[in-house]
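Q: build me a model from this:
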Amino acid sequence: MANTIDSQLQLTEILDSALTAFKRSVVSLNAFSTVYRDVSLKGDDTVDVPYYPLATDASASRDAAGSYKALVTDTDTQTKTITINKNKVQGLSFTGREVSRQPVFDPVKHGQIKGEKLGYDIVADVLSVVTKANFSGNTIAATTAANFDEEDVADLAQDCEEAEWPKTPRSLILNPAFHYNLVKQPALIDLSQSGSNVLNTGMLPNIMGFDTYCSNGVPTNNGTATACTFANASDVFTDVAHGLTNNDIVQLAGTAVPTGFSTSTDYYVISATDDTFQLSATEGGAAVDASDDGTDVTYQLFERLAGFAVGPSAVLCAFAPVPPTAGVRQLLVDYQQVTDSDTGATLEYKRIAYPDTDEEAQFIEAHYGYVTGEAAALKRIITS
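A: Okay, the predicted model is just below:
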């Protein structure tokens, strides 16, 4: 049976479906200070994102005749200017023949799938800033996904309390393996008996003060094998502009690692300079004393990130549509924006024709930007 939906109505349904799925897949970004702006950017393509820094100034005591004004500390809401300098696109294309000749063709479902994937990829891009270089503080002892449970969440909550984080908002963003092992815990499954829908949705309620999100975009930040040279006379590795910092964890490989080292063993970087470093068997310990230079030696960085506890000021994000210029717009078959009324999140739709190949393509697109905020407002969770 031919598809009889009016083409414009059909497009609206496709975009609405894409937007609903997009909003659902970027929900973990609500753990950060995030602004969704539904007004097209003009001029310098920037958005000011407000955030509330962690309080670090100790409370003061005032002398009986002392000045209150002298005790004032900065209590202004802070802002960072975010440049909307990134975009991601998902192609959404179908022909009139597909619509009219394929009864099972469902463009609205395609819109949902594309919108969800667009959101997932943006989240992965934003989370790429969560590295040890940007957020150096570890929290609980490294653990495996199979052992991550509510007791580890309690340890994280304790660590946040000792760091004097505000009670709310606090969030956990976990990779799927850690998230779903937490879902399996009997205490959390039993919540379904008291109204929580853990079993049906796989989504966790607030746990020990944390809003909890699952994201496959959490990066491990494990590096690739990189060639280096080793001089046993000084126990120094050389790789120009290696980027390692002290206490980074690396493993060695090669045709033969220097005698005194082993493969598949964690070593800690010490005495790092721009081009050289040494390795210790313990964090901050002495350099391993090797007796030869090895052959074809490589090293690989292992951060083993699995998730993190976070306050909103750790990362700042902004979304806003960036419309094409008037001239480009005239060359497009269609350009539209669809906006979520709750958040202001906006997707852009572009329809482009290619007369030389008798083809056309349709795209949904989101423009965004992000910066790191306060390093102290994020605590990494790493695997053992």
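Q: what's the following helix or strand after the helix or strand bottoming out on mean pLDDT in the chain?
A: Ranked by mean pLDDT, DSSP states H and E, the weakest helix or strand in the chain is helix 198-201, scoring a mean of 58. Toward the C-terminal end, the helix or strand that comes next after helix 198-201 (DSSP states H and E) is strand 210-214.
Q: that's a helix at Phe178, yeah?
A: Yes. Counting by DSSP: H, G, I helix; E, B strand; the rest coil, Phe178 is part of a helix.
Q: what's the separation between it and Asp121?
A: Per CB to CB, to the nearest Å, Phe178 is found 21 Å from Asp121. (C-beta placed from N, C-alpha, C; glycine too.)
Q: likewise for Lys42?
A: According to CB to CB, Lys42 and Asp121 sit 26 Å apart.
Q: who has more neighbours, the two?
A: Neighbours were counted for Lys42 and for Asp121 using other CB atoms under 10 Å; Asp121 has more, 17 against 8.
Q: just list whatever residues bridge to Val47.
A: For Val47, the residues forming beta bridges with it (DSSP bridges) are Ile82.
Q: for Gln251, same thing?
A: Following DSSP bridges, Gln251 is listed with bridge partners Gln300.
Q: now name the helix or strand holding the nearest residue to Asn85 once chain neighbours are set aside.
A: Ranked by CB to CB, 6 or more residues apart in numbering and with sequence neighbours excluded, the top spatial neighbour of Asn85 is Gly369, at 5.2 Å. If you go by DSSP H and E, Gly369 is part of strand 359-372.
Q: distance from the chain centre to the helix or strand just after that strand, please.
A: Remark: after strand 359-372, the chain's next helix or strand is strand 378-382, criterion DSSP H and E. Counting by CA atoms, centre = their mean, to the nearest Å, strand 378-382 is centred 12 Å from the centre of its parent chain.
Q: can you list the helices and strands that strand 378-382 packs against?
A: Contacts defined by 3 or more CB pairs under 8 Å, 6 or more residues apart in numbering; DSSP states H and E place strand 378-382 against helix 150-162, strand 305-310.
Q: of those, which is nearest Pro324?
A: Pro324 sits nearest to strand 305-310 of all the helices and strands packed on strand 378-382, at 35.1 Å, using CB to CB.
Q: where along the stretch 251-384 of the chain do the helices fall?
A: Under the criterion DSSP state H, counting those that start in this stretch, the stretch 251-384 of the chain contains helices at 326-331.
Q: got any ranges where the stretch 1-150 of the chain has weak pLDDT?
A: Within the stretch 1-150 of the chain, the ranges that satisfy pLDDT under 70 run 1-10, 57, 68-69, 71-77, 93-105.
Q: if you set the cut-off to 90 instead, what comes out?
A: Scanning the stretch 1-150 of the chain for pLDDT under 90 picks out 1-15, 37-45, 51-79, 91-111, 133, 136-140.
Q: so the nearest residue to Gln185 once chain neighbours are set aside versus Ile82, what's the distance?
A: Spatial nearest neighbour of Gln185, excluding adjacent residues (CB to CB, 6+ apart): Asp149 at 5.1 Å. Per CB to CB, Asp149 is found 37 Å from Ile82.
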